[in-house]
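Undergrad: Sequence first, then the predicted structure:
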Amino acid sequence: LVAPASPSRSALRGPRSAMDSRAQRNTFSRGARERCGRSTPPAEDFDSFEVLPPPKPPIIMSAESAMEMLKPVTDVLETYIEKFPPPVKEQLTKLEEKNPAFKPAYVVGGVALIPFFLVIYALGGFKLVINLVGFVYPAFKSFKAIESKSKDDDTQWLTYWVVYGVFNIMEHAMAFVVMMIPYYGLFKMGFLIFCYHPNTMGATKIYTTVLKPYVVPYIVREKKE
């Protein structure tokens, strides 16, 4: 014998109870959407939205501009290459044919810089190399900023020299702590390059985010009328 199936709860409650439960579920789901912020805003609200301009592309130095900057140096090197023995010039030509990026002037210039860097490393070690990396190019750009009429480059390079001076003071005042930091020299060189590289302009970011809101108001105070 098989026992008869028991009626469902919705059948016991009747059709009216089933309709009430569906209405409650719809009301609950609509209230949940409103609480979660998923309700669709009215069409007139879209008129008040501000359209933001597209982000500016980063300024990247192209290979052509770099070659133009190095052209005076390469012209001088090419005059010296013409005086090389024929076997040497032949090897340089073959190297350029295999890889067009290895131009004779670049190869000769790179080989000539190796003894220069070895002498610098022998005189002051890696610390002198880091100081030269953080000094030569910023000094050159600072002289150009003095002659320019723009104020943006003045802010960039004045802030850079403040950061550069802070690093040197910390190295002398906290030498025992600096010696315990692994790869401190690489970190310093990378941070200085970040501060003066044209694509990052880190010194300007440090000025606008740290120095201007927290330091400058205590140093530069406007006179009360």
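TA: Here it is on my side, so go on.
Undergrad: Of all the residues in the host helix or strand of residue 153, which ones are buried?
TA: Counting by DSSP states H and E, the element that carries residue 153 is helix 152-173. Neighbour counts over helix 152-173 (16 or more other Cβ atoms under 10 Å) mark 153, 155, 156, 157, 159, 160, 163, 164, 167 as buried. Using the backbone N, CA and C atoms, a C-beta is placed for each residue, glycine as well.
Undergrad: Check whether residue 185 really touches residue 130, as I assumed.
TA: Yes: judged on Cβ atoms under 8 Å, residue 185 makes contact with residue 130 at a distance of 5.4 Å.
Undergrad: which one of those two has more residues nearby?
TA: Taking other Cβ atoms under 10 Å, residue 185 and residue 130 do not tie; residue 130 has more neighbours (19 against 15).
Undergrad: In three-state terms, label that one for me.
TA: helix (DSSP: H, G, I helix; E, B strand; the rest coil).
Undergrad: Just list the residues touching it, thanks.
TA: 185, 188, 189, 192 (Cβ atoms under 8 Å, 6 or more residues apart in numbering).
Undergrad: Surely the last one and residue 166 touch.
TA: By that I understand residue 192. No: Residue 192 is beyond contact range of residue 166, at 11.3 Å (criterion: Cβ under 8 Å).
Undergrad: give me the element residue 137 is part of.
TA: helix 136-147.
Undergrad: Give me the packing partners of that helix, helices and strands only.
TA: Judged by 3 or more Cβ pairs under 8 Å, 6 or more residues apart in numbering; DSSP states H and E, the packing partners of helix 136-147 are helix 152-173, helix 184-196.
Undergrad: What helices and strands are in contact with the shortest one?
TA: Using 3+ Cβ pairs under 8 Å, 6+ apart, the elements in contact with helix 184-196 are helix 104-133, helix 136-147, helix 152-173, helix 202-206.
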